[in-house]
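>>> need coordinates for the below:
(chains A, B, C and D)
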Protein chains: 2
Amino acid sequence: MPLLLLKDLPRYECLLEAAKSFPDLDPSATEVFLNLLRTGDEVFRVADQNLAQHNISQGRFTVMMLLLDKIENCPQPRTPAELADMAGVARATMTGLIDTLERDALVKRAPDPVDRRMMSICLTAKGEALMHTILPAHFQIMAKLMAPLSEAERKTLVRLLTKVLQCAGELAVPGGASPAGPAVAIKAPAAH
Amino acid sequence: MPLLLLKDLPRYECLLEAAKSFPDLDPSATEVFLNLLRTGDEVFRVADQNLAQHNISQGRFTVMMLLLDKIENCPQPRTPAELADMAGVARATMTGLIDTLERDALVKRAPDPVDRRMMSICLTAKGEALMHTILPAHFQIMAKLMAPLSEAERKTLVRLLTKVLQCAGELAVPGGASPAGPAVAIKAPAAH
DNA sequence: GGCGCATAGTTAGGAGGCTAACTAAAAGCG
DNA sequence: CGCTTTTAGTTAGCCTCCTAACTATGCGCC
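Below is the predicted model:
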């Protein structure tokens, strides 16, 4: 539950009024902007409530998801740097996440035998078991959240969101463009 | 920049594959879910980058926005409790926000003369000036972010998001329903 | 009038974000 | 070979979010 946003979104007429004072204010753009952030926040909250029951934050969940994917797909280790890049957080943040996950015996650090600067992170049996406990409910929640939308509406929503996402990507700090590696996470588990 | 999410969203085929292992996984629902959170996060980031240049976080911005609204509309004071409710954060969080805002001379605390438990928070001249410096760029960013969407697409997007938001509201902790007070913030400034 | 409860705000402690600075190891290069 | 640069990870310090506990004030009610 991280974000801080207006609990009650302003009515559209208020935006129209406000636009009189601020010529730069685009009422319909503002409306979409606020709704997007508000809805994202609320959806995040709902998903988080489930995870929190198992003392798992969204950050911890993402890390464990990436490691679970590793177990079920590829034997090569994950380093903290790799995890940080995939999750989109700073390396220092990943260090902290791994610290608490390791404290709770959900993941393990092991030094890389070849390059002694590197570490290998992997799920413990406990961590893997926890994921298999949590995931079904997590998937059900996502399904419930989107239940009011028809398949056609879902496609439309994704299409519109993608437009905005692309635009946001271009608007973000001009220097920080990543050439987009292969898609990660929830990658087709083979066994199981 | 608070949220932690997958930087690269999984491809749809991967979700289909994963669904074979997890019967609860609804691929299209998951796709919308991930896109929604990812887009919300990215849009948030872009808006935050602008505010951060003035050393203003989203939380601080929301508080100052609520106080600015007060100045331009109604003379009655805002208490920390009121601000916390409107912003949707815990009161302790609001105390912290006001602490740092007051330290930076952007807002002022004043004791309520009638009820000595209460405080009145208001913007300083410096805080108000800062807001009028920041807002035009902020509005422009929202407009740019939504530029790729036509008016019709914006309406559709808001409609779909609202459906999800309602659903999420119903799915959230059963006990925590707020009867939705009047819309707040960016409420039609009269002068200016 | 005073006891107990409700309310406003703060304090304390924890988690997870960030940047910047640091250590250690590897790699590049004259 | 040895010096510099790059890279991996951690550490330190800050901010914002949370819950739980605490203080002080106001209010209801006998």
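>>> make it CA atoms for all contacts and neighbour counts henceforth
OK.
>>> ok, which residues in chain A are in contact with DNA strand C?
Residues of chain A found near DNA strand C (C-alpha under 7 Å from any atom of the strand) are A:56-60, A:88-94, A:96-97, A:100, A:114-117.
>>> what about burial for these, which qualify?
A:56-60, A:88-89, A:94, A:97 (16 or more other C-alpha atoms under 10 Å in any protein chain shown).
>>> which two from the residues you listed end up farthest apart in space?
Pairwise distances across those (C-alpha to C-alpha) peak at 18.2 Å, for the pair A:56 and A:88.
>>> other residues contacting the helix or strand hosting residue A:100?
Element membership for residue A:100, per DSSP states H and E: helix A:91-103. Contact with helix A:91-103 is made by A:59-60, A:80-81, A:83-84, A:107-109, as judged by C-alpha atoms under 8 Å, 6 or more residues apart in numbering or on different chains.
>>> partner strands of the helix or strand following that helix, parallel or antiparallel?
Later in the chain than helix A:91-103, the nearest helix or strand by DSSP H and E is strand A:107-111. If you go by DSSP bridges, strand A:107-111 pairs up with strand A:119-123 (antiparallel).
>>> buried set for the helix or strand just after the partner strand?
Following strand A:119-123 in sequence order, the next helix or strand is helix A:125-145 (DSSP H and E). With burial defined by 16+ other C-alpha under 10 Å, the residues of helix A:125-145 counted as buried are A:127-128, A:131, A:134-135, A:137-145.
>>> what is the nearest of those to DNA strand C?
In terms of C-alpha to the nearest atom of the strand, no member of those lies closer to DNA strand C than residue A:127, at 14.1 Å.
>>> quick one: mean pLDDT for the helix or strand harbouring residue A:19?
Counting by DSSP H and E, the element that carries residue A:19 is helix A:12-21. Helix A:12-21 shows a mean pLDDT of 77.
>>> what about that helix and chain B, touching?
Yes - applying C-alpha under 8 Å from any C-alpha of the partner chain, one finds helix A:12-21 touching chain B at A:14-18, A:21.
>>> neighbour count for these - can I get that in JSON lines?
Converted to JSON lines, the residues of helix A:12-21 next to chain B look like this (neighbours: other C-alpha atoms under 10 Å in any protein chain shown):
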{"residue": "A:14", "neighbour count": "17"}
{"residue": "A:15", "neighbour count": "22"}
{"residue": "A:16", "neighbour count": "18"}
{"residue": "A:17", "neighbour count": "16"}
{"residue": "A:18", "neighbour count": "20"}
{"residue": "A:21", "neighbour count": "14"}
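>>> need the max-distance pair from these.
The widest separation within these (C-alpha to C-alpha) is 11.3 Å, between A:14 and A:21.
>>> just to revisit the earlier point, rebuild the buried residues of helix A:125-145 as JSON lines, extending it with pLDDT.
Listed next are the buried residues of helix A:125-145 as JSON lines, based on pLDDT from 0 to 100:
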{"residue": "A:127", "pLDDT": "94"}
{"residue": "A:128", "pLDDT": "93"}
{"residue": "A:131", "pLDDT": "93"}
{"residue": "A:134", "pLDDT": "92"}
{"residue": "A:135", "pLDDT": "92"}
{"residue": "A:137", "pLDDT": "91"}
{"residue": "A:138", "pLDDT": "92"}
{"residue": "A:139", "pLDDT": "93"}
{"residue": "A:140", "pLDDT": "93"}
{"residue": "A:141", "pLDDT": "92"}
{"residue": "A:142", "pLDDT": "92"}
{"residue": "A:143", "pLDDT": "94"}
{"residue": "A:144", "pLDDT": "93"}
{"residue": "A:145", "pLDDT": "93"}
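>>> in a markdown table: these, plus distance to chain B.
Converted to a markdown table, the buried residues of helix A:125-145 look like this (distance: C-alpha to the nearest C-alpha, whole Å):
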| residue | distance to chain B |
| --- | --- |
| A:127 | 18 |
| A:128 | 15 |
| A:131 | 12 |
| A:134 | 12 |
| A:135 | 8 |
| A:137 | 8 |
| A:138 | 9 |
| A:139 | 5 |
| A:140 | 6 |
| A:141 | 9 |
| A:142 | 6 |
| A:143 | 5 |
| A:144 | 8 |
| A:145 | 6 |
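>>> ok, the residues you listed vs DNA strand D, which is closest?
residue A:127 (18.2 Å).
>>> that closest one touches residue A:105, doesn't it?
Yes - with contact defined as C-alpha atoms under 8 Å, residue A:127 counts as touching residue A:105 (7.2 Å).
>>> helix or strand with the lowest mean pLDDT in chain A?
The least trusted helix or strand in chain A, going by mean pLDDT, DSSP states H and E, turns out to be helix A:12-21, with a mean of 77.
>>> that older thread, what's the closest of the buried ones among the residues of chain A next to DNA strand C to DNA strand D?
Taking these together and measuring to DNA strand D by C-alpha to the nearest atom of the strand, the closest member is residue A:94, at 6.8 Å.
>>> could you measure from that closest one over to residue A:88?
10 Å (C-alpha to C-alpha, to the nearest Å).
>>> likewise for residue A:135?
22 Å.
>>> what's the answer for residue A:158, then?
In terms of C-alpha to C-alpha, residue A:158 sits 21 Å off from residue A:88.
>>> do the same with residue A:68
18 Å.
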